[in-house]
Structures are given as C-alpha cells and as structure tokens.
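Student: Build me a model from this:
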Amino acid sequence: MADRKVALGRRVGLYRFCGDIGRGNFSRVKLAIHQLTRGTLFHIELQNQVLLRIYLRQLMFSIIVNIFLLILPISCANVIIYNLDISIDKVAIKVVDRGRLDARALRMLSREVTTLECVHHPNILRLFEVVETLGRVHLVTEWIRGGELYNRITQGGPLTEAHAAPLYKQLLSAVKHMHSLGFVHRDIKAENVLMVTEDRIKLADFGFSTQLINGSQQHLDTFCGSPPYAAPELFSDDHYIGGPVDVWALGVLVYFMIVGNMPFRAPTVPALRTAVLSGDFCLPSHLSLPCIRLIQRILVHTPSRRPTIDQLLMSQWVNHNHLLIELAQSKQQKNSWFPRRRKFTRERHIEMSNLAPIQCSTKRASSIYAENFLNPIDMPNIEELTISQPVVTKSHRKSIFSGTLKKKIGPMEDGGEKGNMFNRKQSTEIKMIENDLTNGVNSLENGYQTNEQRNTQ
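Tutor: Here you go, the predicted structure:
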C-alpha cells in the first residue's frame, strides 16, 4: 500500500509531495511537506517524559530527543509541562527508480548515502532519512530555496570579488571537512553548490564521492565529474589522486564565480580535452592581484604542485579584510539609489573591460603571481579595489557539451567584439541609461535651486 502511494506520487512516509524541483539521469527531485507539521511552526505541550519521547520519535528527530532529555530537568515522579517550538520546513526528496538503475548507478547511490551519513557540516547538504520501498528509494534532504549557484551567475552575472570570497571560503571549509574524514567529492561544480542566502552556500550531490580507505594518496581510476571541471590527469593518466582533483575543480569554480565563464572552453569533449592539456587560459586584468595569484596557483598541470585546502584557506584573497569591508559598503549602496555613484561604477566597469587579458598557462607558472602565493601583497586603498558588477544583457546561450554535461554554458567566441567579454565596447543601452541619469541629476539640482530661491524670498 505504501508503495502504491509512492507510485501515485502522493506521499512517502510522513511526507506529502507537492511539486517537482528537478530531474536527473536516474532520479527526480520533488518538493514535499511533513504531514504532521505542514511546514509551519508547530507548538506542542506534553506533560511527561514518556509522551515527550514518543512524540519526538514520531517526528523522526531522535537526536533532538536525546538532547532535550539531557538538558531539561525531567522527573518521572512529577508532572511537568514542556512547551516546545519545533520548526519543520519543506524538504527535498530525491526519488530513485530501482528498475532503471544499473550496477554503476547503484554504487553511486550507495556512495551518496554513505557520504551524507558520515559528513555533517554547516555548508554541506543535510540528509534527514532514507525511505525504501519495493520499487523506489527516497533520499529526504533539506530544501534549499536559493537554487543553484550556476543559475545565480548565468542569470545575474558574475559575482564581485567581495561577494565571491566569503562564499568561496565556506566551500573550502566544507571540502576540508570531507577530506579530513577521508572522503573526496570528485564532482565540484557550480551546479552542485546551492544558495541558501546571498551570503551562505551548501555543497550537494555526492553521487561521485568516495572514501579513501588507504589514505589520502590512494590511487583512483574512475573517470567521473563534469568535463569543464576535470583536471588534466583525468584526461591523460590511468589513475589519479582525489584531493588534487577537488582542488583543480575549486580553481575552475572560483574562475567561473568571478568571471562568469569557464577558463577552458570547447564545442566538444575531445576538443575540451585538448584545451585542458594545452593549459592556456586568460584572466581579466581588472581582477585584484591576490585573486589572480590564487587562480594561477591552483590551475597547475602537475597535481603535486597544487596547494592543499589548508593553504587555500590561508591565502590572502580568501582572508582579505578589504573585501569584507567592500561587501558591507555594497550592501548599503544597494538599498539607496544614488545616480552619481552608479554612473561612476558603470564607467569604471567599461574602462576595466577594455583592458587586455592576462595570458596564463597551467604548465608555466608566472613568478610574479603564482610563486609564494601565501605571502601577503601590499594592496592599495579600498577605492582602488572596488570591482563593479557587470551589466548583464540577454544573450543567446547554446549547449556546448553533450553526454553527461547537460547544463548550458555561454561560450566566449575567439573572434569579434560581440563574444569577447574582455573587449566590450560601450553599448547604446548604457549610453541611454547615462543620459537618463544625467537628466535626473539635473532635475534634482534644479529642484534644489528652486527650493533655495523660495526660502530666500
């Protein structure tokens, strides 16, 4: 009977399905609401220890039960009323059809469940429970309202350095926690980073993760992950080490976060393999020196020369206090509309976009940027570090990869000013906006002069 309810798409366990979130190769992700609380703040009053234990177990919060029983002064002889406010929000349920799973997909599902049961971190997606029926497996996880980081960047444009650095630090903290427990992710990408809020992210999708039984230097031989984030050794060698592969993917991800595109681009996977193995990529000149040095230090062809997660957490760009100050200032400016400030920001962005890109290579590290990247650099004042948010225009995006990669990425063409994001010219739309802002400023000044004349009279 329970399996029939699941088959009809109505309910599994104490959760009722209420919509679809997404779909993968072997599974679907549905939105669900707990039937006892219905996603609202629920107030209960229980009169003794036995009822408290039974009720909370029905809500499948055995850990919370043990905590309350240890903290609260419970006496079996006395009747005590406990007032608890339990907030159970909506959940995301990953529905996996057993009949469509082959041996490889079953291993991936088992790895995902094992990893989520072992790793517990504020920046890692939480697994509540696993519900199995004859035909399906349901992974009940927390629901992240903000969606994927990939959609945030493709729809809203690349992040500023001030916004990206704190988020990147959270991601590094999550990966460090995994590595400390002997797990590697092997599929770090923007699609697997979920936005809880604008200032908080969580790492998800652990289907390709695995546990290193023989230590951090254990050799792996399974090619997995997304081709744009794949390290060179995945394309060229018969085996690889999991830690440096995750570090390489983190370097590609931070590039995508602040540039809005991939460092290595090609229309097909074989062409992408050639681009990654050649090692040539470009960096925008307007990026800060600590950011340039960090990316160049991560994207290194030799795995043993890449930094560790601990070294990345100690880098200057991740811990740059000026970026945090700039982020706080940008939040204040976002709430207030000030024409002159916005005009200055657009002009600065146009000026920086016309700068020539920095030619980089994964095989030859520049001593200016990459060597001793942990040593601090004397940075200029905060005004010189301001990175403006690019003006986002609707552009046609096409899928440049086939097979396992099904997301759409906006490629940057080699020739022409239309596709080159580093050589954009001032568009007609920007000119019109500047004219409107100029007229608005003039009208404000005329209004001030009129008020002054009236006060004088």
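
Student: State the number of residues packed around the closest residue in space to residue 282 that isn't next to it in sequence.
Tutor: The shortest distance from residue 282 to any non-neighbouring residue, by CB to CB, 6 or more residues apart in numbering, is to residue 357 (4.0 Å). No exception for glycine: its C-beta is placed from N, CA and C like everyone else's. Residue 357 has 16 neighbours, counted by other CB atoms under 10 Å.

Student: How about the contacts made by residue 357?
Tutor: 282-285, 422 (CB atoms under 8 Å, 6 or more residues apart in numbering).

Student: ok, it to residue 165 distance?
Tutor: Distance of residue 357 to residue 165, computed by CB to CB, to the nearest Å: 21 Å.

Student: same thing with residue 204?
Tutor: The value you get for residue 204 to residue 165, if CB to CB is used, is 21 Å.

Student: before we move on, the earlier item: can you tell me which of the contacts of residue 357 are in strands?
Tutor: The strands, defined by DSSP state E, take in 282-283 from these.

Student: okay, residue 101: pLDDT?
Tutor: Predicted confidence (pLDDT) for residue 101: 79.

Student: so how many other residues sit close to it?
Tutor: Other residues close to residue 101 by other CB under 10 Å number 16.

Student: Might one say that it is in contact with residue 109?
Tutor: Yes - if you go by CB atoms under 8 Å, residue 101 and residue 109 touch, sitting 6.9 Å apart.

Student: Name all residues that make contact with residue 275.
Tutor: 264-266.

Student: Out of those residues, which is nearest to residue 234?
Tutor: residue 264 (12.6 Å; CB to CB).

Student: neighbours of that closest one, just the number please.
Tutor: Using other CB under 10 Å, residue 264 has 24 other residues around it.

Student: Tell me where the stretch 51-200 of the chain is predicted with low confidence.
Tutor: Applying pLDDT under 70 to the stretch 51-200 of the chain picks out residues 51-89.

Student: So which elements touch the helix or strand hosting residue 111?
Tutor: Taking DSSP states H and E as the definition, residue 111 sits inside helix 103-118. Packing partners of helix 103-118 (3 or more CB pairs under 8 Å, 6 or more residues apart in numbering; DSSP states H and E): strand 127-132, strand 136-142, strand 210-211.

Student: give me that answer again for 10 Å
Tutor: strand 91-97, strand 127-132, strand 136-142, strand 183-184, strand 210-211 (3 or more CB pairs under 10 Å, 6 or more residues apart in numbering; DSSP states H and E).

Student: out of these, nearest to residue 231?
Tutor: strand 183-184 (11.9 Å).

Student: partners of that closest one, with directions?
Tutor: strand 210-211 (antiparallel) (DSSP bridges).
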